[in-house]
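K.L.:
structure for the following, please:
(one chain, ligands or ions: 1)
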Amino acid sequence: MRLEHIGIAVKNLDDSNELFAALFGEAHYKVEGVESEGVLTSFFKSGGVKIELLEASNESSAIAKFIEKKGEGIHHLAFEVDDIEHEIARLTGLGFTLIHTVPKDGADNKRIAFLHPKSTNSVLVELCQEKS
Ligand code: ZN
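P.N.:
Sure thing, here's the model as predicted:
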């Protein structure tokens with residue numbers, strides 16, 4: 001597994017795009033909505049790791065609930081895997097709780113599955129695999 005991106009929950013994507021562009025000295029390279037997750041995302045490159053900013057696109061979005069509870073900040077760590085079905089089966093076998101037992105479509109041309117933070121020291125972990 002390799003760290004692919006860090007997801008950060010933000011209240012206002014436009015404001016945060018400006019903030020992180022100033023921080024990195026480079027603008028985001030894409031904005032993409034993920035309807036099924038109720039999020040609007042943008043991506044930055046920082047070295048070999050990406051930064052994904054997430055804004056809620058509706059009130060029932062997990063990002064809206066996260067910000068309401070914890071405020072803005074680091075939301076998840078995403079690890080790239082070669083075979084997401086294999087990893088889901090392997091981790092389930094080890095006793096991890098998966099939120100998605102079947103991969104779903106995520107942003108940035110990825111298939112994704114989240115682990116439940118209760119089984120990972122309260123860190124929300126995303127598995128992702130580039131779509132071929
Ligand atoms: Zn992500």
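
K.L.:
skip ahead from the longest helix along the chain and say which helix or strand is next.
P.N.:
Secondary structure of the chain per DSSP state H: the longest helix is helix 13-24. Following helix 13-24 in sequence order, the next helix or strand is strand 30-34 (DSSP states H and E).

K.L.:
ok, then the element right after that next one?
P.N.:
strand 39-46.

K.L.:
pLDDT of that following strand, averaged?
P.N.:
What strand 39-46 shows for mean pLDDT is 95.

K.L.:
what helices and strands are in contact with that strand?
P.N.:
If you count contacts as 3 or more C-beta pairs under 8 Å, 6 or more residues apart in numbering; DSSP states H and E, strand 39-46 packs onto helix 13-24, strand 30-34, strand 49-56. C-beta here means a position set from N, CA and C on the backbone, and glycine is covered the same way.

K.L.:
so where is the protein shaky, pLDDT-wise?
P.N.:
Residue ranges of the chain with pLDDT under 70: none are present.

K.L.:
can you list the residues of it near the ion?
P.N.:
Residues of the chain lying close to the ion by C-beta under 5 Å from the ion are 7, 52, 78, 126.

K.L.:
filter those down to just the ones in strands.
P.N.:
In this view, the residues of the chain next to the ion that belong to strands under DSSP state E are 7, 52, 78, 126.

K.L.:
farthest pair in those?
P.N.:
E52 and E126 (9.3 Å; C-beta to C-beta).

K.L.:
so for those two, which residues contact both of them?
P.N.:
Residues touching both E52 and E126 (C-beta atoms under 8 Å, 6 or more residues apart in numbering): 7, 78.

K.L.:
name the residue most distant from the centre of this structure?
P.N.:
Distance from the C-alpha centroid of the chain peaks at G93, with 23.4 Å (C-alpha atoms, centre = their mean).

K.L.:
what residues are up against it?
P.N.:
With C-beta under 8 Å, 6+ apart as the criterion, no residue contacts G93.

K.L.:
any idea how far D83 is from R90?
P.N.:
Going from R90 to D83 by C-beta to C-beta, to the nearest Å gives 9 Å.
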